[in-house]
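> what's the 3D shape of this:
(one chain, ligands or ions: 2)
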Amino acid sequence: MSDHREPGTAADDDSDAGDSADRHLDPWPAPPAAGAFDAVVQLPGSKSLTNRFLVLAALAGDTSRIRRPLRSRDTLLMADALRSLGARIDDIPGDEDDCDDWLVEPGPIRGQTSLDCGLAGTVMRFLPPVAALADGPVRFDGDAHARKRPMRAGLLALRALGVDVRDEGRAALPFTVVGTGAVRGGRVSLDASSSSQFISALLLTGARFTEGVEVVHVGDPVPSEPHVAMTVEVLRDAGVDVEDHEPDRWRVAPSTIHALDVQVEPDLSNAAPFLAAAMVTGSRIHLPGWPQYTTQAGDELRDILDAMGGDVSLSREGLTLTGPPTIHGVDLDLHDAGELAPVVAALAALADSPSRLRGIAHLRGHETDRLAALATEIGKVGGTVEVLPDGLTIRPARRPSAARLATYADHRMAMAAAVLGLAAPGTLVEDVGTVGKTLPTFTRLWADMLGQTQRNGEIAQESVEKRGQGSGQDAPRSRGASTRNGGA
Ligand SMILES: O=C(O)C1=C[C@@H](OP(=O)(O)O)[C@@H](O)[C@H](O)C1
Ligand SMILES: C=C(OP(=O)(O)O)C(=O)O
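Numbers count the residues shown, from 1 in each chain. Ligands and ions are numbered 1, 2, ... in the order given. Now for the predicted structure:
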């Protein structure tokens, strides 16, 4: 795959959501904050929901419609992989002009194919159990860094279920799943402490195993638990019987998966940099369509940003946040929402006191070793980060200084760099196109948001004055068990 977008820009059509093999490496000049803005940002759909819906639709008994799907590298790779496995996936006009829907017609699962996982955890973890249903070998591979991401638990679980998996002892990409047309299923134990996606994977396909599947987790706590809850919820919505009342044990009964007609919620994890921009600049931002109820881990941003001093309110129309005069340091357990850590760490680097982020040892197996990457990049702008076995302590940069920030092929490192760039004029971000993994339109949305400065002069002015009056010593506010103010 290739990606020929202009340096420092990102586009949103399918061809531009592609791989980074020949991506320009000219750095993107991150726009510095030019005062408060009052912006409305319409976020594209959730990666996690889009890819779950795609998998279930490809395994369903009839044709499904996925409305307002995310089109980004991870979801286009998922769609391509499912096509290779026998599904038909077509664009059809959506109810609103700006976004086509996907019509997914399931077919018999085909082998004799190879799949490109890119760097997508959802593709490399969710699809091996699907491939086990194929009649023939399915080879999996991906980006160079994808070969370093943990796969052992998923491959061992498939073998324990009697599936032939050939990995030449690597327990990582590349590997081949040699299906025989059916999987008996039944009970399987695995250690999913490196990624919740191994559990989601078995549950998503389990209804198609002859005896269903019973998954038992044995090991340190499973990270990203809301993502497992999301899997259980989408399965139930598709008529599948799932038991999840015991900790660390899930059972999926064998059944037909009903066709879906679903609308994808906005991606709340990708809301993080935009909300963070309002925090850094004391601005107001409105994100329409933020659901009142959701299983997305990104919903934790409401508590996190409240604890950091933001004024957050959720209504039927969406989420509105007004940034504080100064950002407060926090002590947070992000075990459930690790994908928020890069942007939260960037905010912590601009806070009025130190922060501690806990429960995120598993981020070492994400797109890059995010703990090491954050320490290096925040260090470049003047913050001091200590890497701990399960997280980070972050001492803010007194005067953030411009730097050339690396992104490690990690969309969330690029977004974190954009947040730092607001406070450090002159910051350059390498390979910003890596945002295409989940948000190809990032730089355009970012510029539009910042350009909405003064659109509502009254509110922007009010916000600027409020910042001017801030003592930085406001009483800490905290909501939710996982947030404690005061920092490390
Ligand atoms: O199932 C999913 O959609 C995801 C689960 C989480 O993975 P881990 O459990 O590996 O953290 C999350 O970080 C990732 O962005 C998406
Ligand atoms: C960890 C992430 O992605 P993946 O689905 O590739 O694991 C992420 O998006 O932060």
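> quick one, what contacts S72?
Applying Cβ atoms under 8 Å, 6 or more residues apart in numbering, we find S72 in contact with A17, P44, K47, G436, K437, T438, L439, P440. Placement of C-beta: from N, CA and C, glycine included.
> I'd guessed the last one sits against R71; true?
Same thing as P440. Yes: shown here, P440 and R71 form a contact pair, counting by Cβ atoms under 8 Å, at 7.5 Å.
> residue in the protein nearest to ligand 2?
Here the chain gets closest to ligand 2 at one residue, G121, 2.5 Å apart by Cβ to the nearest ligand atom.
> ok, for that residue, nearest residue in space, not its chain neighbours?
Take G121 and drop its neighbours on the chain: the residue closest to it by Cβ to Cβ, 6 or more residues apart in numbering is Q197, 5.3 Å away.
> if we can go back for a sec, which residues does the residue of the chain closest to ligand 2 contact?
R149, S195, Q197, H366.
> of the residues you listed, which pair is most distant in space?
Among the contacts of G121, the pair separated by the greatest distance (Cβ to Cβ) is Q197 and H366, at 10.9 Å.
> let me know the closest of the contacts of S72 to D248.
For the contacts of S72, the nearest to D248 is K47 (25.4 Å; Cβ to Cβ).
> was I right about that closest one contacting L70?
Yes: in this structure, K47 is within contact of L70 by Cβ under 8 Å, at 5.5 Å.
> which stretches in the stretch 201-350 of the chain count as helices?
225-237, 272-281, 301-307, 341-348 (DSSP state H, counting those that start in this stretch).
> quick check, T122 in contact with D74.
Yes: taking contacts as Cβ under 8 Å, T122 lies within contact range of D74: 6.3 Å.
> more neighbours: which of P440 and R71?
Applying other Cβ atoms under 10 Å to P440 and R71 shows that P440 carries more neighbours, namely 29 against 23.
> the more buried one: which element?
P440 belongs to no helix or strand when assigned by DSSP states H and E.
> quick one: it from R73, how far?
For P440, the distance to R73 (Cβ to Cβ, to the nearest Å) stands at 8 Å.
> that's a helix at L374, yeah?
Yes: assessed by DSSP: H, G, I helix; E, B strand; the rest coil, L374 belongs to a helix.
> for it, what are its contacts?
Going by Cβ under 8 Å, 6+ apart, L374 touches A341, P342, A345, V385, L392, M413, A416.
> one more pass at 6 Å, please.
By Cβ atoms under 6 Å, 6 or more residues apart in numbering, the contact set of L374 is A345.
> repeat that for D62.
By Cβ under 6 Å, 6+ apart, the neighbours of D62 are A259.
> the stretch 201-350 of the chain against ligand 1: which residues are in contact?
Counting by Cβ under 6 Å from any ligand atom, the stretch 201-350 of the chain comes close to ligand 1 at P223, S224, H227, G338, E339.
> from those residues, which is closest to F274?
Looking across these and measuring by Cβ to Cβ, the closest to F274 is E339, at 15.1 Å.
> got the domain boundaries for the chain?
Following automatic domain parsing, one gets these domains for the chain: 14-45+266-485, 47-263.
> tabulate these (TSV), appending mean pLDDT.
Formatted as TSV, the domains of the chain follow (pLDDT from 0 to 100):
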stretch	mean pLDDT
domain 14-45+266-485	87
domain 47-263	97
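> returning to what we had before: what's the most buried one of the helices of the stretch 201-350 of the chain?
The highest mean neighbour count among the helices of the stretch 201-350 of the chain, using mean count of other Cβ atoms under 10 Å, belongs to helix 341-348: a mean of 30.
> the following helix or strand past that one pairs with which strands?
Next along the chain after helix 341-348, taking DSSP H and E as the criterion, comes strand 355-358. Paired strands of strand 355-358, with direction, are strand 330-333 (parallel), strand 391-395 (antiparallel) (DSSP bridges).
> can you add mean neighbour count and distance to ligand 2 and give the ones you listed back as a markdown table?
Shown next, in a markdown table, are the strands paired with strand 355-358 (neighbours: other Cβ atoms under 10 Å; distance: least, Cβ to the nearest ligand atom, whole Å):
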| stretch | mean neighbour count | distance to ligand 2 |
| --- | --- | --- |
| strand 330-333 | 24 | 16 |
| strand 391-395 | 24 | 16 |
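> okay, those in a markdown table with distance to L350 next?
Formatted as a markdown table, these follow (distance: least, Cβ to Cβ, whole Å):
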| stretch | distance to L350 |
| --- | --- |
| strand 330-333 | 12 |
| strand 391-395 | 10 |
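> for D80, find the nearest of those strands.
Per Cβ to Cβ, nearest to D80 of the strands paired with strand 355-358: strand 391-395, 35.5 Å.
> contacts only, for the residue in the stretch 201-350 of the chain that ligand 1 sits nearest to.
Closest approach between the stretch 201-350 of the chain and ligand 1, counting by Cβ to the nearest ligand atom: S224, at 3.3 Å. Neighbouring residues of S224 by Cβ under 6 Å, 6+ apart: S196.
> got it, and D448?
Taking Cβ under 6 Å, 6+ apart, we find D448 in contact with no residue.
> what about the strands in the stretch 51-200 of the chain?
64-67, 88-92, 101-105, 113-116, 135-141, 164-166, 175-180, 186-190 (DSSP state E, counting those that start in this stretch).
> counting neighbours, which bits of the fourth one end up buried?
The one in question is strand 113-116. Across strand 113-116, burial judged by 16 or more other Cβ atoms under 10 Å covers T113, L115, D116.
> again, but for the third one
By neighbour count on 16+ other Cβ under 10 Å, the buried set for strand 101-105 is D101, W102, V104, E105.
> in its sheet, what does that strand sit against?
strand 64-67 (antiparallel), strand 88-92 (antiparallel).
> which residues touch S195?
Neighbour list for S195: P150 [criterion: Cβ under 6 Å, 6+ apart].
> switch to 7 Å and redo it
Applying Cβ atoms under 7 Å, 6 or more residues apart in numbering to S195 gives the contacts G121, R125, P150, P223, H362, G365.
> in helices, which of those appear?
Mapping those onto helices (DSSP state H) picks out G121, R125.
> put the buried members of the contacts of S195 into a PyMOL selection.
Entered in PyMOL, the line below selects the buried ones among those, by 16+ other Cβ under 10 Å:
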select buried, resi 121+125+150+223+362+365
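> distance to V242 added to the contacts of S195, as CSV?
Converted to CSV, these look like this (distance: Cβ to Cβ, whole Å):
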residue, distance to V242
G121, 21
R125, 18
P150, 25
P223, 20
H362, 24
G365, 26
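> just checking, D410 touches D369?
No: with contacts defined as Cβ atoms under 7 Å, D410 does not count as touching D369, sitting 9.6 Å away.
> the more surrounded of these two?
D410 (24 against 18).
> give me phi/psi at that one?
phi -120, psi 110 (degrees, to the nearest 10).
> tabulate the buried residues of strand 113-116 (JSON lines), appending distance to L305.
Shown next, in JSON lines, are those (distance: Cβ to Cβ, whole Å):
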{"residue": "T113", "distance to L305": "44"}
{"residue": "L115", "distance to L305": "38"}
{"residue": "D116", "distance to L305": "36"}
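> what does the chain put close to ligand 2?
A120, G121, T122, E339, H366, E367, R412, T438.
> can you tell me which of the residues you listed comes closest to A297?
For these, the residue nearest A297 by Cβ to Cβ is E339; the value is 6.5 Å.
> now do the contacts for the nearest residue to that closest one once chain neighbours are set aside.
Once flanking residues are discounted, E339 sits nearest to S269: 5.0 Å by Cβ to Cβ, 6+ apart. Going by Cβ under 7 Å, 6+ apart, S269 touches Q296, A297, G298, E339, L340.
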